[in-house]
Each structure stands twice: as structure tokens, then as C-alpha cells.
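1. okay, structure incoming, though there's no sequence with it:
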């Protein structure tokens, strides 16, 4: 457990890696000034196209998955969850960019997929279906956040893991509050 605590700042720093910013900059775009202004995969997809959006989604997901892998080696599920949470916080509140980061969906999703592959493959399918039907990545993201702790409970993981994933999901949902308000008003931007 001590090793996992020592590694938390490393996972946080991994989470700060600015995938969306760097990919957009390679195309001469400041992603913070385009579309929704959010440095995440959905906005990259909206501004630069689906392929680059998927590329950023994978890069951000790897931040969570790598953190989980290292944490699992350090202290199994508890360590993996600790480092996953640190990576998501790093993505959302990066010290390297004045604490202005993405919303945490891809990083949390990568971590969850590495930890709980079966329920999260189902949730990935749910995300794709919701995006296809509604053209709203934010709505799909909210749906899988709600589904994550439910899936963890269904596969019989301990209550502590269900609670931790519920807290992680609540954190990511809180970052979507503006999206929720736009969804209610019917003014939410569509995905590409």
C-alpha cells in the first residue's frame, strides 16, 4: 500500500499528459479556443474529425489503463483504483495547464476497462449506441458513468470497489454539469 501511495503523484502526472492539446496543435489548432473549448476527445472529434478524436480517446484511455496496470502490480485492486483515481484527477485538473483539463471520461474509461473488462466492454457498446442514436457524446458519457458502479456490483466485486467506482463516476459526472444544463435546454453540441 505504501508503494501505491508513493506512485500516486506519478499517476497524477501521467494523467496530465495533454493528448488533445498536442494532437490539435499538430494541426495548427488551439483546442481550448475551438468548439466547446474542452481539451478532450469529444471536442477534438468535433473540431478535427472522428479519426483524431478516437486517437485522443485512446491516448487518454491509456493514461488510465497504464495507471491501473502499475497499481495492480503494486497492490492489486486497491492499488489499481488508487492510481486510476490519481490519473483521472491529473487529466481533469492538470497542474501543468493551470488545472484546466478534460472531463475525465476517456481516462476513467481506460482505467475501468483495464480493471473490469467484461462490464466495460458492454458499457463501451452502450456509449457507441447512444452516440449513434443521439449524436451527443456527453449523453453517452453520462450513461456509462451511471453504468460503471452498477456493472462492478453485478460482477460481484466488493462493496469498497463499488463505492470507489461510484465516487469516480460522480466526479466525472460533476465535470459534465454544463453539458447536463445544455442537454436539458436542448442546446448541447452534437458530436461529429
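-> Perfect, thanks for sending it. Values in this document were obtained by computation on a predicted structure and should not be read as measured data. Numbering: from 1, shown residues only.
2. now the host helix or strand of residue 148: how far from the chain's centre is it?
-> Residue 148 belongs to helix 137-154 when assigned by DSSP states H and E. Per Cα atoms, centre = their mean, to the nearest Å, the displacement of helix 137-154 from the mean C-alpha position of its chain is 11 Å.
3. can you point out the buried residues in whichever helix or strand comes after that helix?
-> Note on helix 137-154: by DSSP H and E, the next helix or strand toward the C-terminus is helix 159-174. Under the neighbour-count criterion of 16 or more other Cβ atoms under 10 Å, helix 159-174 has 161-162, 164-166, 168-169, 171-173 buried. From N, CA and C alone the C-beta is placed, and that goes for glycine too.
4. ok, and what's touching helix 159-174?
-> The contact list for helix 159-174, computed with Cβ atoms under 8 Å, 6 or more residues apart in numbering, reads 77-78, 81, 84-85, 88-89, 92, 103-105, 108, 112, 141-142, 145-146, 148-149, 152-153.
5. still on that earlier bit, so for the helix holding residue 148, what gets flagged as buried?
-> Quick answer for helix 137-154 (16+ other Cβ under 10 Å): 137-145, 147-149, 151-153.
6. gap between the longest helix that the chain contains and the chain center?
-> Using DSSP state H, we find that the single longest helix of the chain is helix 50-92. Its chain's C-alpha centre and that of helix 50-92 lie 8 Å apart, by Cα atoms, centre = their mean.
7. now for it, which elements pack on it?
-> Contact analysis of helix 50-92 by 3 or more Cβ pairs under 8 Å, 6 or more residues apart in numbering; DSSP states H and E lists helix 2-15, helix 19-26, helix 41-48, helix 105-115, helix 159-174 as its packing neighbours.
8. other SSEs contacting the second one?
-> So that's helix 19-26. Going by 3+ Cβ pairs under 8 Å, 6+ apart, helix 19-26 lies up against helix 41-48, helix 50-92.
9. low-confidence regions, the chain specifically.
-> 1, 189, 191-192 (pLDDT under 70).
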